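S.K.: predicted model follows, preceded by the sequence.
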Amino acid sequence: MKTALITGVTGQDGAYLAQFLLGKGYRVVGLMRRSASSDVIGERLRWLGVIDDVELVDGNLTDLSSLMRIIQSCNPDEVYNLAAQSFVASSWQQPLLTGSVTGLGAANVLEALRLLQCSARFYQASSSEMFGKIQQKMQSERTPFYPRSPYGIAKLYAHWMTVNYRESFGIHASSGILFNHESPLRGIEFVTRKVTDGVSRIKLGLAKELPLGNLEACRDWGHARDYVQAMWMMLQQDIPDDYVIATGRTTSIRELCRIAFAHVGLNYEDHVKINQNLLRPAEVDILLGDSSKARTTLGWQPKVPLEDLIREMVDADLVRHRDKQRS
Ligand code: NDP
Ligand code: GDP
């Protein structure tokens, strides 16, 4: 039985990846940071019905000693580094913490593997935010980076550390440059989930308006369940490498709103209100990924079209709010 260690196991991708690896017969160890609200932590794993099957261990990405202790005790075959301060907007409020967790945190995991001479395969959760102010119409592994936020910059550091540890120390380290991926388990501060949650509240009469920022930005959105499979596929390759994971279709926030509101018979123009405070100091206007390499080499392809993804998210939020109303 293979052992996988997942940092960020309580997040969206961590939960789906844990479920996926358990389904493949893995022993899954999940690093969880201590919190005073530990009763609500693990909610996503609970939602997927896998919380009892994951071995949760106490640690923090900023604490090298905790990482070394965990790696030593669970002796993983594969390490997936998904933990991060992952919200772009917050990265301007907490740039140093973002650098320390999202950037240096990845270096800590790599260092722990190197110092312990652990031969585990390593996956780094890199991000399309590294492309930022895009240098090519479609972004692939060969597109130059131009990050536009402290988050993107921290991810770029972690990305190059992954490449460097692969080249310097022969670590089987791969980096997945994943474009935005969403699900009913997406954090509520991200625009897709904010919209689907808002739509469900408006439909149920719990709210009238939905404040949003820039409606013209475009993202290449896929389903998180499809994307965690790509992470695993990367670590099954004999040779570690970097891969863009994307759908190849880009859609504006405005169109996202139109689809989500239309699903419950509403017109977004009646409810969406622009709030200038939600505009960002520097924007990533458009992202559009070229994942040909992953499709050819890994045999990966996205399965869920955007319309189905949004409908699934709206329906899940309607159920959540109806359940809350009943209780
Ligand atoms: P989430 O924000 O849902 O999850 C982040 C996870 O990191 C949570 O489990 C969080 O724990 C944990 N974490 C935060 N700080 C620390 C710390 N100091 N020590 C240990 N754990 C910590 O992110 P996603 O699941 O959406 O994304 C997974 C990874 O992929 C992230 O690195 C993200 O930046 C990256 N990524 C995501 C994309 C997306 O579209 N979703 C696109 C490209 C990259 P807690 O629950 O306690 O907060
Ligand atoms: P990101 O691509 O990782 O920054 O993912 P987000 O979901 O946070 O943001 C995607 C895009 O939606 C960005 O261009 C934001 O500026 C835009 N956006 C517009 N309104 C909002 C909002 O109210 N919240 C968030 N999170 N993003 C918004």
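M.R.: In hand now; what should we look at? Numbers count the residues shown, from 1 in each chain. Ligands and ions are numbered 1, 2, ... in the order given.

S.K.: residue numbers of the stretch 51-200 of the chain in contact with ligand 1?
M.R.: Counting by C-beta under 6 Å from any ligand atom, the stretch 51-200 of the chain comes close to ligand 1 at 60-62, 82-86, 101, 125, 127, 178, 180-181, 187. C-beta: built from backbone N, CA, C; applies to glycine.

S.K.: closest one of those residues to L206?
M.R.: G187 (19.8 Å; C-beta to C-beta).

S.K.: can you give me the strands in the chain?
M.R.: Here the chain has its strands, by DSSP state E, at 3-7, 27-32, 54-58, 78-81, 121-127, 173-178, 181-182, 210-212, 218-219, 222-223, 242-245, 251-252, 272-274.

S.K.: do the fifth one and ligand 2 meet at all?
M.R.: Okay, so that is strand 121-127. No: Strand 121-127 does not reach ligand 2 (C-beta under 6 Å from any ligand atom); its nearest approach is 7.4 Å.

S.K.: circling back: now the buried members of the residues of the stretch 51-200 of the chain next to ligand 1.
M.R.: For those, a burial check counting by 16 or more other C-beta atoms under 10 Å picks out 60-61, 82-86, 101, 125, 127, 178, 180-181.

S.K.: now for these: which two are most distant?
M.R.: Once C-beta to C-beta is applied, those give N60 and N180 as the farthest pair, at 26.0 Å.

S.K.: and T143, which of the strands of the chain is closest to it?
M.R.: Of all the strands of the chain, strand 242-245 comes closest under C-beta to C-beta, at 8.4 Å.

S.K.: check the offset of stretch 29-47 from the chain's centre.
M.R.: Taking C-alpha atoms, centre = their mean, to the nearest Å, one finds the center of stretch 29-47 at 16 Å from the center of the full chain.

S.K.: in it, what counts as buried?
M.R.: V29, G30, L31, M32, R33, I41, G42, R44, L45.

S.K.: which one of the residues you listed sits closest to Q237?
M.R.: Distances from Q237 to these, taken by C-beta to C-beta, are shortest for V29, at 22.4 Å.

S.K.: for that closest one, give me the pLDDT.
M.R.: V29 carries a pLDDT value of 98.

S.K.: that one reaches D58, doesn't it?
M.R.: No: taking C-beta atoms under 8 Å as the definition, V29 is not a contact partner of D58, at 11.5 Å.

S.K.: tell me where the stretch 101-250 of the chain has helices.
M.R.: Assigned by DSSP state H, counting those that start in this stretch, the stretch 101-250 of the chain shows helices spanning 105-115, 150-169, 191-203, 224-235.

S.K.: please convert these to a markdown table, extending it with distance to ligand 2.
M.R.: Formatted as a markdown table, the helices of the stretch 101-250 of the chain follow (distance: least, C-beta to the nearest ligand atom, whole Å):
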| stretch | distance to ligand 2 |
| --- | --- |
| helix 105-115 | 17 |
| helix 150-169 | 7 |
| helix 191-203 | 4 |
| helix 224-235 | 13 |
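
S.K.: now mean neighbour count and distance to R311 too, for those, in TSV please.
M.R.: Formatted as TSV, the helices of the stretch 101-250 of the chain follow (neighbours: other C-beta atoms under 10 Å; distance: least, C-beta to C-beta, whole Å):
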stretch	mean neighbour count	distance to R311
helix 105-115	22	35
helix 150-169	21	29
helix 191-203	22	9
helix 224-235	22	15
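
S.K.: from the stretch 1-150 of the chain, which residue is nearest to ligand 1?
M.R.: G11 (2.0 Å; C-beta to the nearest ligand atom).

S.K.: show the pLDDT at the closest residue to that residue other than its chain neighbours.
M.R.: Leaving out its chain neighbours, the residue that sits closest to G11 by C-beta to C-beta, 6 or more residues apart in numbering is L82, at 6.2 Å. For L82, the pLDDT comes out at 98.

S.K.: tell me which parts of the stretch 201-327 of the chain are close to ligand 2?
M.R.: L212, G213, N214, A217, R219, I253, L278, R280, E283, V284.

S.K.: list the contacts of the fifth one.
M.R.: Under the criterion of C-beta atoms under 8 Å, 6 or more residues apart in numbering, the contact partners of R219 comprise F179, N180, V191, T250, T251, I253, I286, L287.

S.K.: domain ranges for this protein?
M.R.: With domains defined by automatic domain parsing, the chain comprises 3-181+220-245, 186-219+249-284+300-326.

S.K.: can you redo those domains as a markdown table with distance to S291?
M.R.: As requested, the domains of the chain are arranged in a markdown table below (distance: least, C-beta to C-beta, whole Å):
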| stretch | distance to S291 |
| --- | --- |
| domain 3-181+220-245 | 5 |
| domain 186-219+249-284+300-326 | 7 |
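
S.K.: of the residues of the stretch 51-200 of the chain next to ligand 1, which is the nearest to ligand 2?
M.R.: N180 (5.2 Å).

S.K.: distance between the ends of stretch 238-253?
M.R.: By C-alpha to C-alpha, to the nearest Å, the extent of stretch 238-253 from end to end equals 39 Å.

S.K.: quickly check: that stretch near ligand 1 or not.
M.R.: No: Stretch 238-253 is not in contact with ligand 1 by C-beta under 6 Å from any ligand atom; minimum separation 8.6 Å.
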